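Participant: Build me a structure from this.
(2 chains)
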Amino acid sequence: MMEVKQQTFKRRTMLYIPGNNPAMLQQGSVYGADGVLLDLEDAVALNQKDSARILVSHMLRYISYEGCEVTVRVNHIDTPFGLDDLKQIVPIQPDAIRLPKVETLDEISRIIRLIEEIEDEHHMPHDQMKVHVMIETALGVQNVYDIARYSPRIDAISIGGQDLAADMQLVKANDGVGIDYARKQIVMAAKACKIDVFDTVYVDVENEEGLRDEAEYIKKLGFTGKAIINPRQIEIVNEVFTPTEIEIRKAAKIVKAFERNKAEGIGVFAVDGKMVDAPVVKRALRVLEMADIDVETL
Amino acid sequence: MELKTKAQAGSFESSDVLIMVEPVEKGAGRKIELSSIVMQQFGEDLLKQINRDLDGYNVADVRIIVNDKGALRPTISARLETALKRAAEMQTGTLK
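Facilitator: Numbers count the residues shown, from 1 in each chain, chains lettered A, B, ... in the order given. Sure thing, here's the model as predicted:
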């Protein structure tokens, strides 16, 4: 099976940047988001699609988004813009390309085939640029596991809450109740495929408390991170997805105890009166990874 | 590239540039009208870049009005490319 280059970025926050806005495109990486999402889809007017596509392609060649994962969201392949987006963006090979409104296995296989045909034309490998899939319809939610496991290039999926709410004909969507099942289904599919999973945007930019509550909720569900629409939202979400000092200390204690016990051939032991076995150690290692702590240095 | 109609791309927003392109008769040469908020410091560089880009597209005869609001080099090139492709009716994947 094809091996795809492993990502080395954190993925707590991905900041959407409108593809036709030079000021935001050139400043995208300075706000502290883990990734930038250069958007050719919903953030661009229908009569400016060519302009945005050309601007993003020039910016990608010129601007260094150092330390930030760079993803470009293209238009859906069945719109008049999707194929031109792929032809222009794929040869530049951003870190990832984000495909909106994917609904079926046939669709994802068709799009990935097109991407690889473009890469072949430019003598490019198929194992560098990753593919992120957005699930934004009821049909997509039903098929998400088959879509997510279609290719090793797919290393993240995400829920598009606004479009999904519209597709489900939800009148009130801001409380997240209507898309709760979809969130859980999408997280489970991602976990089954061992890939990352991003939550949808939080549209009420003024409501920082609401954003924090939602970020804490989706962290509990198992999301890797969240899409962001305003730089003001970054700090809150990064904070929620960064382990606290208490969590880090506890995780370090567990991992150290595990190493000691492993040397003595003991698999299950107790730390502070609580049972620790392999899954607990795995979660502790994840906490240390999120805190950028090298286990070897403990 | 053969220009067929007037076209423009970009905006008056900060860090952007508005570029208007107009076909002129063959042999008339390039008439570039440039205004920029950084005219004193970068006016000549801008002009050089536009001429270099026009060479790349093989456009010898054209009238161009450039109103620069402090755009970076890739933005200038992108807006010029868009305006030229629109003027040549070569733009794809957009709604007019």
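
Participant: okay, CA-based contacts and neighbour counts for the rest of this
Facilitator: OK.

Participant: Name the residues of chain B found near chain A, please.
Facilitator: Within chain B, the positions near chain A by C-alpha under 8 Å from any C-alpha of the partner chain are B:9-10, B:14-16, B:71, B:74-75, B:77-79, B:81-82, B:91-96.

Participant: 7 Å instead, please
Facilitator: Proximity of chain B to chain A, by C-alpha under 7 Å from any C-alpha of the partner chain, involves residues B:14-16, B:74-75, B:78, B:82, B:91-96.

Participant: Reformat those residues into a markdown table and put neighbour count and pLDDT next to each item.
Facilitator: Below are the residues of chain B next to chain A laid out as a markdown table (neighbours: other C-alpha atoms under 10 Å in any protein chain shown; pLDDT from 0 to 100):
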| residue | neighbour count | pLDDT |
| --- | --- | --- |
| B:14 | 14 | 95 |
| B:15 | 19 | 96 |
| B:16 | 23 | 97 |
| B:74 | 21 | 97 |
| B:75 | 27 | 98 |
| B:78 | 23 | 98 |
| B:82 | 26 | 97 |
| B:91 | 18 | 84 |
| B:92 | 16 | 80 |
| B:93 | 20 | 76 |
| B:94 | 19 | 79 |
| B:95 | 13 | 78 |
| B:96 | 11 | 71 |
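
Participant: Need the three-state assignment for residue A:151.
Facilitator: Residue A:151 falls in the coil class when you classify it by DSSP: H, G, I helix; E, B strand; the rest coil.

Participant: tally of neighbours for it?
Facilitator: Using other C-alpha atoms under 10 Å in any protein chain shown, residue A:151 has 17 neighbouring residues.

Participant: now the one 3 residues further on
Facilitator: Using other C-alpha under 10 Å as the criterion, residue A:154 is surrounded by 24 other residues.

Participant: Hmm, residue A:134 and it touching each other?
Facilitator: No. Look at residue A:154 against residue A:134 with C-alpha atoms under 7 Å: they stay out of range, at 10.8 Å.

Participant: From residue A:9, how far off is residue A:283?
Facilitator: Here residue A:283 is placed at a distance of 19 Å from residue A:9 (C-alpha to C-alpha, to the nearest Å).

Participant: Pick out whichever of these two has more residues nearby.
Facilitator: Ranked by neighbour count (other C-alpha under 10 Å), residue A:283 and residue A:9 place residue A:283 first, with 14 against 11.

Participant: where's the more buried one, which helix or strand?
Facilitator: helix A:278-290 (DSSP states H and E).

Participant: chain center to that helix: distance?
Facilitator: 20 Å (C-alpha atoms, centre = their mean, to the nearest Å).

Participant: Buried residues, it. List them.
Facilitator: For helix A:278-290, a neighbour-count test (16 or more other C-alpha atoms under 10 Å in any protein chain shown) marks A:281, A:284, A:285, A:287, A:288, A:290 as buried.

Participant: ditto for stretch A:97-117
Facilitator: A:97-105, A:108, A:111-112, A:114-116.

Participant: picking up where we left off before, could you export the buried residues of helix A:278-290 as TSV, including pLDDT and distance to chain B?
Facilitator: Listed next are those as TSV, based on pLDDT from 0 to 100; distance: C-alpha to the nearest C-alpha, whole Å:
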residue	pLDDT	distance to chain B
A:281	92	48
A:284	92	45
A:285	91	43
A:287	89	40
A:288	90	40
A:290	85	35
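
Participant: and those residues, which two are the farthest apart?
Facilitator: A:281 and A:290 (14.2 Å; C-alpha to C-alpha).

Participant: Near chain B, which residues of the stretch 1-150 of chain A? Just list them.
Facilitator: A:22-23, A:46-51, A:54-55, A:58-59, A:62, A:80-81, A:84.

Participant: Show me just the buried residues among those residues.
Facilitator: A:22-23, A:46, A:48-51, A:54-55, A:58-59, A:80-81, A:84.

Participant: how deep is residue A:240 tucked in, by neighbour count?
Facilitator: 18.

Participant: Against chain B, how distant is it?
Facilitator: Counting by C-alpha to the nearest C-alpha, to the nearest Å, the separation of residue A:240 from chain B is 33 Å.

Participant: My guess is that residue contacts residue A:217. True?
Facilitator: No. With contact defined as C-alpha under 7 Å, residue A:240 does not reach residue A:217; the gap is 9.8 Å.

Participant: what's the pLDDT at the residue positioned nearest the centre of chain B?
Facilitator: With distances taken as C-alpha atoms, centre = their mean, the residue of chain B nearest its centroid is residue B:80 (3.5 Å). Listed pLDDT for residue B:80 reads 98.

Participant: That one belongs to a helix?
Facilitator: Yes. Using three-state DSSP, the assignment for residue B:80 is a helix.

Participant: doesn't residue B:19 make contact with it?
Facilitator: Yes. If you go by C-alpha under 7 Å, residue B:80 and residue B:19 touch, sitting 6.3 Å apart.

Participant: ok, back up a step: quick one: which of the buried ones among the residues of the stretch 1-150 of chain A next to chain B sit in helices?
Facilitator: Applying DSSP state H to those, the entries found in helices are A:22, A:23, A:49, A:50, A:51, A:54, A:55, A:58, A:59, A:84.

Participant: Identify the farthest-apart pair in those residues.
Facilitator: A:23 and A:84 (23.8 Å).

Participant: what separates residue A:206 from chain B, distance-wise?
Facilitator: 24 Å.

Participant: Revised request: answer the last question for residue A:126.
Facilitator: 25 Å.

Participant: Check the secondary structure at that residue for me.
Facilitator: coil.

Participant: tally of neighbours for it?
Facilitator: Neighbour tally, residue A:126, other C-alpha under 10 Å: 19.

Participant: What does the pLDDT read for residue 61?
Facilitator: This is for chain A. Residue A:61 is assigned 95 on the pLDDT scale.

Participant: my bad, the chain I had in mind was chain B
Facilitator: Looking at residue B:61, the pLDDT reads 96.

Participant: got the contact list for residue 32?
Facilitator: You didn't say which chain, so I picked chain A. residue A:234 (C-alpha atoms under 7 Å, 6 or more residues apart in numbering or on different chains).

Participant: Chain B was what I was after
Facilitator: B:63, B:64, B:65.

Participant: Thanks again, I'm all set now.
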